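# sequence? don't have it. structure:
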């Protein structure tokens, strides 16, 4: 792939930057961020620090030490307006000087600008917690609820996503023992109260950790519908036993059956609508494990024989008025959050970039979420109608050997991809170049807000079904 013309060169990184530049998202990569850089001729500039982080996160790094692998790149810094790629020590020191409140406001503002026009459409807010294991002596590294590595200190990431779009709204890093939904509630309601009522979600959705009376009462007081899973406590199990033999089970889609009823648990101020779902198990049921004399664990199974039937159960609590099948599908869609967690922790940097202080861990969690959103949107422009995870989209659109040459005032950037789908890459980049050329032609007439809505209308064309996005309500952006 070869083209000439300096700024018109459609390299993947250049095109990604052009998205951010054209809509005013970058803001000189930190012009509003308060970073106290020591007075020194060798001290890095803000744009160099944040540009280095941008390149490192985009490349799939997980540690600050990995920054060393991109320090010899002589092409990308010029594309981003940087003077150089900083060292890992310079980046860590610069982030250590951040003023926490200012950096939080800056990152939340830019996260909001990513998805702000989408909030005019009906959307679902998925809330969940994931755990990042720690292996050193970090602030807040406490032994809490860590299901995959019990006894290992960790940081819980309290996160909010736009359901089914895989866009991160915000993330809050807390000490290891603060994994319960009670520690999510303050940040969740602070986020929701920053939005106009017209931009609030259609409903909240979460697993059994969030099916608590406190959170449900707060949602009811705010007039916000919800759909949560209930823990199978004694009274919930009693409801299941009562309904087991009743002829009231109706189809709920994908092999599930359901019953719509009401339930009032101990501690609840009122009865609430619950939906009991069940699905028959076809595989052998694990009864117990025994131990041989050699110490080896042996699992005993029993086959589910007719007329005996064995089911798995899910109990949902909700204020929504939709029918049974719709509610069941809504909760099944929530499982996509696990795929987002897997991508952010294993293909991006949520599982790394660890420092001793919690402040820098929090900054990097939001910075990774922001760049993850940018890259996801860029890939959707190139590959419409589906989400491509970084494990496939980076080799396709980012990994290439680039050579930059200058002659007679012109700059030529030659990209050579070793990917087997080179033809698809060329077609995608040509389509992006034509789209950005059209955006630049109308940029002055539209302004950045209208231009960004135009881009989002193309990025999420499948979800919007071809409809253009309308101007959003006014958001209180910090100056």
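Happy to help now that I have it. Since the model is a prediction, treat every value here as computed from it, not as a measurement. Numbers count the residues shown, from 1 in each chain.
# how far does the longest helix along the chain sit from the chain's center?
Looking across the chain with DSSP state H, the single longest helix is helix 422-459. Relative to the mean C-alpha coordinate of its chain, helix 422-459 is positioned 24 Å out (Cα atoms, centre = their mean, to the nearest Å).
# how about stretch 105-112?
14 Å.
# same check, this time on stretch 103-118
With Cα atoms, centre = their mean, you get 13 Å for stretch 103-118.
# one step back: in the longest helix of the chain, which residues are buried?
Of all the residues in helix 422-459, those buried under the rule 16 or more other Cβ atoms under 10 Å are 425, 428-429, 432-433, 435-436, 439, 443, 450-457, 459. Placement of C-beta: from N, CA and C, glycine included.
# and if you look at stretch 358-366?
So, applying 16+ other Cβ under 10 Å, buried residues of stretch 358-366: 358-366.
# JSON lines for these, including distance to residue 87 and pLDDT?
Listed next are the buried residues of stretch 358-366 as JSON lines, based on distance: Cβ to Cβ, whole Å; pLDDT from 0 to 100:
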{"residue": "358", "distance to residue 87": "23", "pLDDT": "93"}
{"residue": "359", "distance to residue 87": "21", "pLDDT": "93"}
{"residue": "360", "distance to residue 87": "16", "pLDDT": "93"}
{"residue": "361", "distance to residue 87": "20", "pLDDT": "94"}
{"residue": "362", "distance to residue 87": "23", "pLDDT": "94"}
{"residue": "363", "distance to residue 87": "18", "pLDDT": "95"}
{"residue": "364", "distance to residue 87": "17", "pLDDT": "95"}
{"residue": "365", "distance to residue 87": "22", "pLDDT": "95"}
{"residue": "366", "distance to residue 87": "23", "pLDDT": "95"}
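# I figured residue 264 hits residue 271, correct?
Yes: the criterion here is Cβ atoms under 8 Å, and residue 264 meets it with residue 271 at 3.9 Å.
# of all residues in the protein, which one is nearest the centre?
Nearest residue to the geometric centre of the chain (Cα atoms, centre = their mean): residue 168, 3.4 Å.
# could you look up the SS state of it?
Following DSSP: H, G, I helix; E, B strand; the rest coil, the label given to residue 168 is strand.
# one step back: any chance of the buried residues of stretch 358-366 in TSV, plus secondary structure and distance to residue 44?
Output for the buried residues of stretch 358-366, formatted as TSV (DSSP: H, G, I helix; E, B strand; the rest coil; distance: Cβ to Cβ, whole Å):
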residue	secondary structure	distance to residue 44
358	helix	23
359	helix	19
360	helix	16
361	helix	21
362	helix	21
363	helix	16
364	helix	17
365	helix	22
366	helix	21
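# out of the residues you listed, who's nearest residue 62?
residue 364 (10.7 Å; Cβ to Cβ).
# show me what contacts that closest one?
Applying Cβ atoms under 8 Å, 6 or more residues apart in numbering to residue 364 gives the contacts 53, 95, 349, 353, 355.
# the same query, at a cut-off of 6 Å, please.
Counting by Cβ atoms under 6 Å, 6 or more residues apart in numbering, residue 364 touches residue 353.
# relative to residue 123, how far out is it?
In this view, residue 364 and residue 123 are 26 Å apart by Cβ to Cβ, to the nearest Å.
# got it, and residue 448?
22 Å.
# also residue 401?
Taking Cβ to Cβ, one finds residue 401 at 40 Å from residue 123.
# the more surrounded of these two?
Taking neighbours as other Cβ atoms under 10 Å, residue 401 and residue 123 compare with residue 123 leading, 21 against 9.
# that one is in contact with residue 162, isn't it?
Yes: counting by Cβ atoms under 6 Å, residue 162 is a contact partner of residue 123 at 5.4 Å.
# what helix or strand does residue 156 sit in?
Per DSSP states H and E: residue 156 is located in strand 154-162.
# from the contact counts, what lies against that strand?
On a contact count with 3 or more Cβ pairs under 6 Å, 6 or more residues apart in numbering; DSSP states H and E, strand 154-162 meets strand 124-133, strand 167-173.
# next secondary structure after the shortest one?
What it means is strand 167-173. Next along the chain from strand 167-173, counting by DSSP H and E, comes helix 185-193.
# now the angle between strand 124-133 and that next one, please.
Put simply, helix 185-193 runs at 140 degrees to strand 124-133, going by axes from the mean of the first three to the mean of the last three Cα atoms, to 10 degrees.
# pLDDT of helix 185-193, averaged?
Mean per-residue pLDDT for helix 185-193: 93.
# which parts of it are buried?
185, 187-188, 191-192.
# which of the residues you listed lies closest to residue 63?
residue 187 (26.8 Å).
# any chance of the helices and strands packed on strand 154-162 in CSV, plus distance to residue 236 and mean pLDDT?
Putting these into CSV (distance: least, Cβ to Cβ, whole Å; pLDDT from 0 to 100) gives the following:
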stretch, distance to residue 236, mean pLDDT
strand 124-133, 21, 94
strand 167-173, 29, 95
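# could these go into CSV alongside distance to residue 334?
Converted to CSV, the helices and strands packed on strand 154-162 look like this (distance: least, Cβ to Cβ, whole Å):
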stretch, distance to residue 334
strand 124-133, 6
strand 167-173, 15
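# next, residue 61: secondary structure please.
coil.
# revised request: answer the last question for residue 50.
Residue 50 ends up helix, using three-state DSSP.
# now whichever strand or helix holds residue 242: buried residues?
Remark: residue 242 resides in helix 234-244, with elements defined by DSSP H and E. Residues of helix 234-244 classed as buried: 236, 239-240 (neighbour count, 16+ other Cβ under 10 Å).
# do stretch 381-401 as well
381-383, 387-390, 393-398, 400.
# among those residues, which pair sits farthest apart?
Applying Cβ to Cβ across those, the maximum distance is between 387 and 400, 21.9 Å.
# re the thing from before, the strand holding residue 156 vs helix 185-193, what angle?
Using the same axes, to 10 degrees, the inter-axis angle of strand 154-162 relative to helix 185-193 is 20 degrees.
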